[in-house]
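Q: What shape does this take:
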Amino acid sequence: MRFQTITILWLTLAGFALRLYYLTTTHPFFDEYTTALAARQILSYGWPILPSGLFYEHGLLATYLIVPFTALFIQTPVSEWQAAHWGLMLARWPSLLVGTVTIPIIYTIGRKCFTGGRTRAGVALLAAGLFALSPEGMVWGGRARMYALATLLVLLTVYLAYRGARYPGQTRLRWGALLTLLAVLLTQFGALMLVPPLVIGLLVAGWLSWREAQHKQPNDIVRPWCLRRAVLLEGLGMAVAVILAIWVKRLGRPLGAAALGSPAGDNLITELIGTVSYQTTVFVSWPDTVQFFARQFGIPHQLWLTLLALIGAVIGLFAWLLKAIRRNDRTVSDLFNLYLWLIFGLITLQMVTLLEPFRRNPRYIVMFLPLFYLIAARAVFNFRLLPGLIRRATPRSTDPAAPVVSAIILLLLFTTLGFSDLKIALITPEPAYEEAFAWVAANRQPNDLILTMNTPAAALFLGGADGFTVQDDADQFLLDAETEPVDRWLGTPWVGRAADFNAALNRGEGAWFIIDTIRQPVYFRGDWLALVNSQMEQVWANDNALVYRTRPERTPIPIEPDSLVNANLNHTIQFIGYSLQSLTRHSPRSTLRLTLFWQSLAALSTDYTSFVHLRDETGATVAQRDGQPLDGAYPTSRWQPGEVVIDPITLTLPEELPPGQYKLFTGLYQLGTLARLPVIDDDSGENAIFLGEVTLP
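A: Presented below is the predicted three-dimensional model:
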């Protein structure tokens, strides 16, 4: 017993140290800034009402748990946060403490609920150790998010429900399970997928344990819990917990939802149903299913454990079948194991069949990992049954420490096999937004504009932002997307087109754009990036975070054409017009600067090349420029229907070009065939768009 106690103590300390190392050496995860902002709002108002007016219900209980730690630093000057490397990191401590406590709780539950005599101590230690040293446990146990608390609450819910359902069934334990279920739903709404498997697991555990008791004492038993009157009240309690959780989720205005009480959200029942239905669908795709399992169970630290667990489960099933045949004994020898398999298996089945594809993220299965580690550890220990199956004898061990030693050896083996994943999780940096915004805070001027995708971080370090910058897939981050779109967190106006971004750059005396290398290629297209490259300069970078500032000497790009043309190219692209740099006798004669305005009318599959020709009065081309729009940064095949693309052009002029009148033409062609895109109502006879005459002084 002492050996087991020392072992679990060391495992708990190892898990704590691993999480503490991650906590103190990594930058905050993108969403951690939102959690810290919500905690700050609770300190100010008592509720997580964000500056946008949104009720931030995501991780509600976890946010309240973080509040006392947030209070220790949120009033401290920003300049002092990073110098001492504490600041935001204090908000991570609740996850660290909760994640650490979960380790011995896994061990305790395994020891109490599994059967198998001395073996169950080894099973419990292995499960606790797998969680303690898992990359997922380390990462989410070191971040200021809700997953560590949700993981603990799921584990307690499953445990209390099992103890309350197993015959004779204690009512107070089932009510305790309902309370922890409500708590986990208010911590991570994704735990709603636990409810159907939990109900099925309760019924199976209650019925089978009642049948076992009936077999042992046929004249001295009562009805199983599911056939008692109290079950109606308990069912009502579960319904209330689920409805309350859905209502709280709806208060947070899920994707595309209107505010409750508004004309678009005045039907409460419809809104509650929609809160669940927008995330669910019956969708079965074999490639998507394979991808899901590969992402969750095909990674090195899970692959070998999963394979051995499946083989061990087959061995256990075969052993049960032999017992049923040889001894005519069909009772389930390890009911808790069956119960966990039912719950975890049905949760996984739901994820690959009933969730919208965007919700099939392995991150949402993290809170169920202790269940997986418990059944995997139990299955791995089934390998001890192999000699007994072959010799038709029950395996026995004379050394009481053997299961514990076996658990330690197995844990070392699985940790070694998955060490690469643990190392990757430790050395892969999150973008250093806290350093980026601290640097901007120290170098910005009073009237500078702040443009960023990470508005919560801007609120914490700078007090706010002037523009929420996301070009692609922005709807998931917006409120009132159809009227006056703003970001969900601060209510900052959305800057969603390259033209809007260009207008913002032209509006302020100076502008800052704070982004990271991970999201920049995902949420921004080439026309936006071309503006960044031509109008801004990178002034700071570290660990994937980037800071751009407008160039001190730049030529602003116009936001609308000075001359309208409205030429239609084969009903696929509209040439709206152009702007031409004013020319005087003092202008440099080496270049001609103009800006072309294109609009996509339909989805395109071809990358067209644009041309600009300068011709003399005889029609001879004296200067030309050919190339894909925005110097190839944004090819036409990526243009979105209805999108306006602003393309600044610099036309190099020959040194010997005499002053006089010249004509400008433009158009599009396929580089491979040189075939031009037809111009509707073409007056040139060559599918070229006449822009006008230019006088070179």
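Q: For stretch 160-174, buried residues please.
A: Neighbour-count burial for stretch 160-174, counted by 16 or more other C-beta atoms under 10 Å, picks out 160-167, 169, 173-174. To be clear about C-beta, it is placed using only N, CA and C from the backbone, and glycine gets the same treatment.
Q: where exactly do the helices run in the stretch 351-500 of the chain?
A: Listed in chain order, the helices of the stretch 351-500 of the chain (DSSP state H, counting those that start in this stretch) span residues 369-380, 386-391, 402-417, 419-427, 433-443, 455-462, 498-507.
Q: Identify whichever of these lies nearest to Ile514.
A: Among those, helix 433-443 comes nearest to Ile514, with 5.4 Å by C-beta to C-beta.
Q: What is the burial count for the residue nearest to Gly491 when sequence neighbours are not counted?
A: Counting by C-beta to C-beta, 6 or more residues apart in numbering, Ser52 is the residue found nearest to Gly491 once chain neighbours are left out, at 3.6 Å. Using other C-beta atoms under 10 Å as the criterion, Ser52 is surrounded by 17 other residues.
Q: What's the separation between Ser52 and Asp683?
A: Distance of Ser52 to Asp683, computed by C-beta to C-beta, to the nearest Å: 51 Å.
Q: Put the alpha carbons of stretch 200-217 into PDB.
A: Once non-C-alpha atoms are left out, stretch 200-217 reads as follows in PDB (Å, rounded to 0.1, in the frame of the first residue of the first chain):
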ATOM      1  CA  ILE A 200     -27.500   4.500 -21.700                       C
ATOM      2  CA  GLY A 201     -24.600   3.600 -19.400                       C
ATOM      3  CA  LEU A 202     -26.700   4.300 -16.300                       C
ATOM      4  CA  LEU A 203     -29.500   2.000 -17.500                       C
ATOM      5  CA  VAL A 204     -27.100  -0.800 -18.500                       C
ATOM      6  CA  ALA A 205     -25.100  -0.600 -15.200                       C
ATOM      7  CA  GLY A 206     -28.300  -0.500 -13.100                       C
ATOM      8  CA  TRP A 207     -29.900  -3.400 -14.900                       C
ATOM      9  CA  LEU A 208     -26.900  -5.700 -15.000                       C
ATOM     10  CA  SER A 209     -25.900  -5.000 -11.400                       C
ATOM     11  CA  TRP A 210     -29.500  -5.700 -10.400                       C
ATOM     12  CA  ARG A 211     -29.500  -9.000 -12.300                       C
ATOM     13  CA  GLU A 212     -26.300 -10.000 -10.600                       C
ATOM     14  CA  ALA A 213     -27.800  -9.200  -7.200                       C
ATOM     15  CA  GLN A 214     -30.900 -11.200  -8.100                       C
ATOM     16  CA  HIS A 215     -28.800 -14.100  -9.000                       C
ATOM     17  CA  LYS A 216     -27.000 -14.100  -5.700                       C
ATOM     18  CA  GLN A 217     -29.900 -13.200  -3.400                       C
END
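Q: Quick check: mean pLDDT of that stretch?
A: Per-residue pLDDT values over stretch 200-217 give a mean of 85.
Q: before we move on, the earlier item: in TSV, list the helices of the stretch 351-500 of the chain along with mean pLDDT.
A: Conversion of the helices of the stretch 351-500 of the chain to TSV gives the following (pLDDT from 0 to 100):
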stretch	mean pLDDT
helix 369-380	95
helix 386-391	62
helix 402-417	90
helix 419-427	88
helix 433-443	92
helix 455-462	93
helix 498-507	90
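Q: For those helices, give me a markdown table that also has distance to Val199.
A: Putting these into a markdown table (distance: least, C-beta to C-beta, whole Å) gives the following:
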| stretch | distance to Val199 |
| --- | --- |
| helix 369-380 | 16 |
| helix 386-391 | 35 |
| helix 402-417 | 32 |
| helix 419-427 | 34 |
| helix 433-443 | 42 |
| helix 455-462 | 37 |
| helix 498-507 | 49 |
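Q: Next, count neighbours for the nearest residue to Ser333 once chain neighbours are set aside.
A: Closest residue to Ser333 in three dimensions, ignoring its sequence neighbours and counting by C-beta to C-beta, 6+ apart: Thr115, at 6.1 Å. Neighbourhood size, Thr115 [other C-beta under 10 Å]: 14.
Q: Repeat that for Pro552.
A: Pro552: 7 surrounding residues under other C-beta under 10 Å.
Q: One more: Glu212?
A: Glu212 is surrounded by 16 other residues when neighbours are defined as other C-beta under 10 Å.
Q: quick one: buried residues of the helix or strand it falls within?
A: Using DSSP states H and E, the secondary-structure element containing Glu212 is helix 195-216. Within helix 195-216, the residues scored as buried using 16+ other C-beta under 10 Å are 195, 197-199, 201-202, 204-213.
Q: got the buried residues for stretch 498-511?
A: Along stretch 498-511, the positions that meet the burial threshold by neighbour count (16+ other C-beta under 10 Å) are 498-505, 508, 511.
Q: Just the C-alphas of it, formatted as PDB.
A: As requested, C-alpha coordinates have been extracted for stretch 498-511 and formatted as PDB (Å, rounded to 0.1, in the frame of the first residue of the first chain):
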ATOM      1  CA  ALA A 498      -8.600  44.800 -48.800                       C
ATOM      2  CA  ALA A 499     -10.400  48.000 -49.900                       C
ATOM      3  CA  ASP A 500     -11.500  48.600 -46.300                       C
ATOM      4  CA  PHE A 501      -8.000  47.900 -45.000                       C
ATOM      5  CA  ASN A 502      -6.600  50.300 -47.500                       C
ATOM      6  CA  ALA A 503      -9.100  52.900 -46.500                       C
ATOM      7  CA  ALA A 504      -8.100  52.400 -42.800                       C
ATOM      8  CA  LEU A 505      -4.400  52.800 -43.700                       C
ATOM      9  CA  ASN A 506      -5.200  56.100 -45.500                       C
ATOM     10  CA  ARG A 507      -7.400  57.400 -42.700                       C
ATOM     11  CA  GLY A 508      -5.000  57.600 -39.800                       C
ATOM     12  CA  GLU A 509      -1.700  59.400 -39.300                       C
ATOM     13  CA  GLY A 510      -0.200  56.000 -38.700                       C
ATOM     14  CA  ALA A 511      -1.500  52.400 -38.400                       C
END
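Q: Pull the distance from that stretch to the chain's centre.
A: 29 Å (C-alpha atoms, centre = their mean, to the nearest Å).
Q: Please work out which residues outside it touch it.
A: Residues outside stretch 498-511 that contact it (C-beta atoms under 8 Å, 6 or more residues apart in numbering): 444-445, 447-451, 466-467, 469, 471, 495, 525, 527-528, 530-531, 535-536, 549-550, 556-557, 559, 644-646.
Q: List buried members of those by neighbour count.
A: 444, 448-451, 466-467, 469, 471, 495, 525, 527-528, 530-531, 535-536, 549-550, 557, 559, 644-646.
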